[in-house]
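Peer 1: Turn this into a structure:
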Amino acid sequence: MELSPRQRWKVDQMRKKFSSAFGGGESQPRPKLCPSCGTLVGATATRCHQCGASLTFSLAAASKSLGRLMPGTSPATYAILGFSCIVYAVSFLATLRNGGSPSISGSGFSALFNLGAVSSGVLERLGASLPLPINLREPWRFVTAVFLHAGLLHIFFNMWVLMDIGPQIEELYGSARYLFLYVVCGIGGYLLSSFLGHFSVGGSGAIVGLIGVMLAITTGRRSIAMTALRNQIFRWLIYLVIWGLLFSGVDNMAHLGGGITGFIFGKLMMDRPPATPQERKRAYVLGWIAALAVVASFVLAALNARQLM
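Peer 2: Predicted coordinates:
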């Protein structure tokens, strides 16, 4: 018996429903967005027709996948904050394990500085910045020292300043270039510090570097927004100078080196988010170079520490 067109349509619909209920249905592939330039491309495309980026594996695609795990706003700033806190927790636990349980002695600021102190031996093994001849033999120290901190007050103050100024720089430059700036400014700070023979740790050189970036982009601009930003910069610089003069152990040379590095890169880099596919690609490259440098440096520091045990 021949079915009418309407009956055939009903039978086909029932067959599709039955097939999909048992996992046999075929979903129609949808177009997708290029992670590099945002162009809509075909569902089966493997490369963007607009910018040429690979849709299966590229720095942009990897960055987009990683970005899903991070906060929607200021992801690089929160990543630096979280990683610095993890490194501090590990170094403090290592201090306790080695029998260096810090006793809070003295009074006032002296007691505060001893709170949560990490032993110098642990800091040295984990990658503190040392005099230049040693740093040149163990170059990972230029990077690992940026994320190490000597005590609870030390990391608290640095992360407080970071969270105050970091999101502004990240919004201006984009997360990838912001991460690159942070790491490079930290390296610049410890280049000068180690040249002068200092033992040093902390992210303050990188943070002063961000202040140097802000100073570079506001210099010569007289708009209300830039004037307000410049006044904020000067306040932080005054606080840092007072902090460095009143308290011993502050590495002012790391601050100076980081600030100079930040000012130079602030003048060299465009003070706006990447706008073209080429600019975004270069930004992703810089961000991944910085991230891989941090990972590789801590791996080398861990291997070196293991050999010393």
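
Peer 1: after the helix or strand of the chain with the lowest mean pLDDT, next one along is what?
Peer 2: Across the helices and strands of the chain, mean pLDDT, DSSP states H and E gives its lowest value to helix 59-67, namely a mean of 52. Reading on from helix 59-67 to the C-terminus, the next helix or strand found by DSSP states H and E is helix 75-97.

Peer 1: What about residue 129? Give its phi and psi, please.
Peer 2: With angles defined as degrees, to the nearest 10, residue 129 sits at phi -80, psi 130.

Peer 1: so what's it bridging to?
Peer 2: residue 200 (DSSP bridges).

Peer 1: For it, give me its contacts.
Peer 2: By C-beta atoms under 8 Å, 6 or more residues apart in numbering, residue 129 lies in contact with 135, 141-142, 145, 190, 193-194, 198-201, 254. In short, each C-beta sits where N, CA and C put it, glycine included.

Peer 1: Now do the strands in the stretch 201-309 of the chain.
Peer 2: Here the stretch 201-309 of the chain has no strands by DSSP state E, counting those that start in this stretch.

Peer 1: what's the spacing between residue 287 and residue 175?
Peer 2: 7 Å (C-beta to C-beta, to the nearest Å).

Peer 1: Would you mind listing the residues touching both of those two?
Peer 2: Common neighbours of residue 287 and residue 175 are listed as residue 76 (criterion: C-beta under 8 Å, 6+ apart).

Peer 1: With distance to residue 165 added, can I get the contacts of residue 129 in TSV?
Peer 2: Shown next, in TSV, are the contacts of residue 129 (distance: C-beta to C-beta, whole Å):
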residue	distance to residue 165
135	27
141	25
142	22
145	20
190	20
193	21
194	25
198	24
199	27
200	21
201	20
254	17
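
Peer 1: Can you verify my assumption that residue 217 contacts residue 269?
Peer 2: No. Residue 217 lies out of contact with residue 269 (C-beta atoms under 8 Å); the separation is 9.1 Å.

Peer 1: Tell me which of the two has more neighbours.
Peer 2: The residue with more neighbours, out of residue 217 and residue 269, is residue 217; 22 against 17, by other C-beta atoms under 10 Å.

Peer 1: Give me the pLDDT for the closest residue to that one other than its chain neighbours.
Peer 2: Distances taken as C-beta to C-beta, 6 or more residues apart in numbering put residue 271 closest to residue 217, at 4.3 Å, once the chain neighbours are dropped. As predicted, residue 271 sits at a pLDDT of 80.

Peer 1: Residue 271: how many residues sit nearby?
Peer 2: Neighbour count for residue 271, taken as other C-beta under 10 Å: 15.

Peer 1: same thing with the one 10 residues further on?
Peer 2: Using other C-beta under 10 Å, residue 281 has 19 other residues around it.

Peer 1: What residues of stretch 225-244 count as buried?
Peer 2: 229-230, 232-233, 236-237, 240, 244 (16 or more other C-beta atoms under 10 Å).

Peer 1: same deal with stretch 192-202?
Peer 2: Those would be 192-194, 198-202, for stretch 192-202 by 16+ other C-beta under 10 Å.

Peer 1: That concludes my questions; thank you for your assistance.
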